[in-house]
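Enquirer: pasting the sequence and the predicted coordinates here, then a few questions.
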Amino acid sequence: MTTFASGTDTLTRDALTVLQPGFTGTTAPDWLLRRLGEGLASVGLFGRNITSAEQLSALTAQLRAERDDVLVAIDEEGGDVTRLEVRTGSSFPGNNALGAVDDVDLTREVAAELGRRLAACGVNLNWAPSADVNSNPANPVIGVRSFGAEPALVARHTAAYVTGLQSAGVAACTKHFPGHGDTAVDSHHALPRIDVPADVLSARELAPFHAAITAGTRAVMSAHILVPALDPDRPATLSHRILTGLLRRELGYDGLIVTDGMEMRAIAGTYGIERGSVLAIAAGADAICVGGGLADDETVRRLRDALVAAVRSGELPEARLAEAADRVRSLAGWTSTAKAARPQPAPDTEVGLRAARRALRLTGADAFTPLTDPPYVAALTPVANIAVGDETPWGVAAELFRLLPGTETGTFSGEDAGLATLAAAGPRRIVAVVRDEHRHPWMAAALDTVLRSRPDTVVIEMGLPQAPPRGALHIATHGAARVCGRAAAEIIAGA
């Protein structure tokens with residue numbers, strides 16, 4: 001590929017403006033600061049970039065010293081997907097817990113507090129909420145990230161979340177358009193396909209996006225999914241029919257369209273990130289998210305040059321690239337004025353815990369006597385999906401140890417997990433923690449083994465509660481955030 005000089009001509013600046021790259025480290029590298037000076041307008045943050053609120057504030061200040069209107073984006077859904085609290089677990093339950101409570105005022109309050117914390121750290125664009133209707137319980141990547149399986153419920157909570165988040169001056173990015181809920185494949189690994197008629201898509205998948213647009217969402221993120229009823233040839237991120245025809249013209253959306261991570265295999269493994277980025281902008285996307293796995297200056301240079309070359313060859317209209325860059329700059333302007341125009345809400349540091357407590361669903365509670373002796377916590381642990389990651393702690397062991405000192409724990413998986421749990425626990429009361437039991441036959445078999453020998457076992461489901469509840473006490477938390485574990489531990493210990 002031809003390499004273009006890093007000048008300040010309009011075409012080169014526009015090509016940089018539409019990129020949302022990530023980087024490694026907890027301070028901004030020199031190459032990133034240099035690119036901000038050349039026209040880069042957005043930066044994406046991940047767990048690897050954050051150690052504390054103070055450090056994050058210093059990092060965003062460093063970025064703004066180079067470009068005061070920079071969009072600082074983050075993938076902070078709360079619940080299972082957290083970057084602010086990647087090493088401790090989130091102070092907020094995720095969408096499924098909020099959907100289980102089904103109190104739109106509470107959802108708005110949770111989102112407002114999350115937005116307040118992001119704004120206080122200098123973050124002004126959140127790649128959230130997930131508006132996916134989780135109609136397929138076997139979905140390996142959405143699950144508890146969704147408000148639920150009922151379109152009207154997802155729609156009202158998506159709108160409440162957008163309103164709450166943006167009340168703090170943080171732009172919401174509603175995802176994953178046109179809806180990632182009815183998939184059995186994770187787009188981080190391959191290209192999912194949704195084979196349902198257009199009328200089903202309109203009534204089910206699109207309802208929450210209608211609600212988000214009506215609520216004023218400032219950004220929408222596209223999904224790397226193939227939806228033949230809408231476009232039989234190209235995934236949504238690269239589809240002019242879906243991004244421009246459906247989202248822009250039919251739904252009337254005029255805000256920023258952001259792609260999901262272009263390094264995900266659904267795009268990188270089929271089109272390549274350079275070709276995919278050109279096709280995405282041509283299709284109607286305005287910002288190219290890249291950096292979850294690719295986070296260096298070489299990637300930024302390659303994508304910039306691919307876009308410039310596509311314009312010069314006539315493949316990508318220069319006006320389309322200019323329009324995309326203008327939308328990025330327009331959103332940056334909104335975030336600057338929105339924060340200044342809005343009085344910052346008072347902190348509500350307990351709202352996440354209140355929501356987590358209300359989300360609990362108990363079976364067998366009437367006959368359950370709270371524990372007074374420290375139990376053995378067996379975490380039956382599946383492989384985490386890439387969106388969640390495996391660096392964030394989950395479960396109830398830490399919270400139970402706080403309430404019942406001496407609590408011990410172990411992690412188990414595979415066909416021998418049940419026997420291994422019994423051997424490790426010895427005579428202690430067992431608390432078995434599962435995550436999406438219905439999706440993992442080995443996990444269900446392990447519970448069978450444990451409950452046959454120890455029917456007094458407490459079972460905590462921290463994923464989707466699709467399997468029949470069992471155990472002396474069954475607690476469905478609707479998510480694995482730290483506050484969900486704390487709420488469950490309070491029940492077990494009678495706190």
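Expert: Cool, got the structure. Here the structure is a predicted model, which means the values were calculated and not measured. Numbering: from 1, shown residues only.
Enquirer: excluding chain neighbours, what is closest to residue 466?
Expert: Closest residue to residue 466 apart from its sequence neighbours, by C-beta to C-beta, 6 or more residues apart in numbering: residue 438 at 3.8 Å. All C-beta spots, glycine's among them, are computed from the backbone N, C-alpha and C.
Enquirer: give me the number of residues near that neighbour?
Expert: Using other C-beta atoms under 10 Å, residue 438 is surrounded by 17 other residues.
Enquirer: just the strands in the stretch 151-300 of the chain please.
Expert: According to DSSP state E, counting those that start in this stretch, the stretch 151-300 of the chain carries its strands in the segments 171-177, 219-222, 256-258, 288-290.
Enquirer: now swap in the stretch 351-495 of the chain and tell me
Expert: 361-363, 376-380, 408-412, 430-434, 458-461, 473-476.
Enquirer: tell me which helix or strand of the chain sits lowest on mean pLDDT?
Expert: helix 265-268 (a mean of 80; mean pLDDT, DSSP states H and E).
Enquirer: make a markdown table from the strands of the stretch 351-495 of the chain and add distance to residue 234 and mean neighbour count to it.
Expert: A markdown table is the format used below for the strands of the stretch 351-495 of the chain (distance: least, C-beta to C-beta, whole Å; neighbours: other C-beta atoms under 10 Å):
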| stretch | distance to residue 234 | mean neighbour count |
| --- | --- | --- |
| strand 361-363 | 41 | 15 |
| strand 376-380 | 40 | 25 |
| strand 408-412 | 41 | 17 |
| strand 430-434 | 38 | 26 |
| strand 458-461 | 38 | 26 |
| strand 473-476 | 39 | 25 |
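Enquirer: Throw the ones you listed into a markdown table and include mean pLDDT, thanks.
Expert: Compiled in a markdown table, these are given as follows (pLDDT from 0 to 100):
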| stretch | mean pLDDT |
| --- | --- |
| strand 361-363 | 98 |
| strand 376-380 | 97 |
| strand 408-412 | 96 |
| strand 430-434 | 98 |
| strand 458-461 | 98 |
| strand 473-476 | 98 |
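Enquirer: kindly reformat these as a markdown table containing distance to residue 40.
Expert: Formatted as a markdown table, the strands of the stretch 351-495 of the chain follow (distance: least, C-beta to C-beta, whole Å):
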| stretch | distance to residue 40 |
| --- | --- |
| strand 361-363 | 46 |
| strand 376-380 | 42 |
| strand 408-412 | 41 |
| strand 430-434 | 43 |
| strand 458-461 | 44 |
| strand 473-476 | 44 |
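Enquirer: just the pLDDT at residue 345, thanks.
Expert: pLDDT recorded at residue 345 is 68.
Enquirer: now residue 140
Expert: pLDDT at residue 140 comes out at 76.
Enquirer: hang on, residue 415 packs against residue 442?
Expert: Yes - with contacts counted by C-beta atoms under 8 Å, residue 415 reaches residue 442, the gap being 5.6 Å.
Enquirer: show me which of the two is the more surrounded one.
Expert: Neighbour tally, residue 415 and residue 442, criterion other C-beta under 10 Å: the higher count belongs to residue 442, 16 against 12.
Enquirer: list the residues that contact that one.
Expert: Applying C-beta atoms under 8 Å, 6 or more residues apart in numbering to residue 442 gives the contacts 413, 414, 415, 417.
Enquirer: next up, the contacts around the second one.
Expert: Think residue 414. By C-beta under 8 Å, 6+ apart, the residues touching residue 414 are residue 442.
Enquirer: backbone phi and psi for it, please?
Expert: phi 90, psi -180 (degrees, to the nearest 10).
Enquirer: show the pLDDT at it.
Expert: In this model, residue 414 is scored at 94, pLDDT.
Enquirer: measure the residue of the chain most remote from its centre to residue 463 for me?
Expert: Most distant from the centre of the chain: residue 427, at 39.9 Å, with distances by C-alpha atoms, centre = their mean. Residue 427 is 29 Å from residue 463, where distance means C-beta to C-beta, to the nearest Å.
Enquirer: also residue 182?
Expert: For residue 182 relative to residue 463 (C-beta to C-beta), the value is 18 Å.
Enquirer: try residue 155
Expert: From residue 155 to residue 463 the distance is 23 Å (C-beta to C-beta).
Enquirer: thinking again about what came up before, so can I have a markdown table of the strands of the stretch 151-300 of the chain showing distance to residue 281?
Expert: A markdown table is the format used below for the strands of the stretch 151-300 of the chain (distance: least, C-beta to C-beta, whole Å):
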| stretch | distance to residue 281 |
| --- | --- |
| strand 171-177 | 16 |
| strand 219-222 | 12 |
| strand 256-258 | 10 |
| strand 288-290 | 7 |
